[in-house]
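K.L.:
below is the sequence, then the predicted model.
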Amino acid sequence: MTTPNRQIDMIFGSLESAGFPRSLQNMLLPEWVTTEVLSDTAASSEIATILAKRLGLRAAPLFAASPRVESLRRRDIKYKRSIPNKSKNLKAASSIAVSVAESVASACPVEFRLFGDRADVLRQEVLSSFPGNWLGLRNLLMTCWSHGVPVVYLAELGKDVAKMDGMVVYTHSRPVIILSKASYLWAWQLFILAHEVAHLALGHVTPGEILVDEELSEDSYALKDNDSDERQADMFAIELLNGRKNATYTVLDNRVNFRELAESAFQFGKAH
């Protein structure tokens, strides 16, 4: 029977109190960290270092007599699109996303170029550089890469870890876009990507800043948001994807069924 390691328990406990669930901590530890390893006092500093590195935290404060959580870098974080009474604790997800973004940014070989601040001009660039029948997820992703802006999809962060839908981390060298919405629909991922691109194009996030869109959904849609940055980003995304401002769509027959609606949308999309 192994003896509990009090120092490790204190480290785990301080991280959990700071918003990093045990399930996430366990997921971030390598496979060789077994129950026996956790009982070894000598391994405490190495385990604290691993967790700190992967969560973007300072290691020394975690290994203090009274462990405390300190971020590695001081960043300004803008939280957007929080739905009243549904706000999430995004500290854990944000920390992971920042660490991933910094690693990806340091490895990106493409020189960073700013996006222009006009949706119609950017739309023309996407369709001329990466032709297709429409502006979709594939050619917008390729345009981001050609501008030196990596896009990362964080699909799963473990049980009890709340995620944002979209995020921009502006590292010292370039911005990185994070997509995290739990949806298999390309249309959702496309709209969120267009929305985050809009934030960059319109100068809503600058070097050293992080912008987090907590939830982009029908409950927090466009033009209903009191935040002017969010309304501008929605309008930019709508024009970028549709080729015209204030694009809205209606059906003449209110009794249309879902098959007819889907077919009409598909045919209209191909034509326009």
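P.N.:
Looks like it came in fine.

K.L.:
show me where the chain has its helices.
P.N.:
6-17, 22-28, 35-38, 44-55, 59-62, 91-107, 119-129, 137-146, 186-201, 228-242, 258-271 (DSSP state H).

K.L.:
which residue sits closest to L15 in space, ignoring its chain neighbours?
P.N.:
Among residues not flanking L15 along the chain, Q25 sits closest, at 5.9 Å (CB to CB, 6 or more residues apart in numbering). Just so you know, the C-beta spots here come from the backbone N, C-alpha and C atoms, and that holds for glycine as well.

K.L.:
and V37, by the same measure?
P.N.:
A43 is the one closest to V37 (CB to CB, 6+ apart), at 5.2 Å.

K.L.:
the one you found and F258, how far apart?
P.N.:
Using CB to CB, to the nearest Å, A43 is found at 57 Å from F258.

K.L.:
higher neighbour count, the two?
P.N.:
A43 (18 against 7; other CB atoms under 10 Å).

K.L.:
what sits against the more buried one?
P.N.:
5, 8, 33, 37 (CB atoms under 8 Å, 6 or more residues apart in numbering).

K.L.:
mind doing that once more with 10 Å?
P.N.:
5, 7-8, 32-33, 36-37, 50 (CB atoms under 10 Å, 6 or more residues apart in numbering).

K.L.:
quick check: pLDDT value at it.
P.N.:
pLDDT recorded at A43 is 79.

K.L.:
how close does it sit to A52?
P.N.:
Distance, A43 to A52, by CB to CB: 14 Å.

K.L.:
rewinding a little: which of the contacts of A43 lies closest to M142?
P.N.:
M142 has its nearest neighbour among the contacts of A43 in I50, at 35.0 Å by CB to CB.

K.L.:
quick check: the closest one touching A59?
P.N.:
Yes - using CB atoms under 10 Å, I50 and A59 qualify as a contacting pair, with a distance of 8.9 Å.
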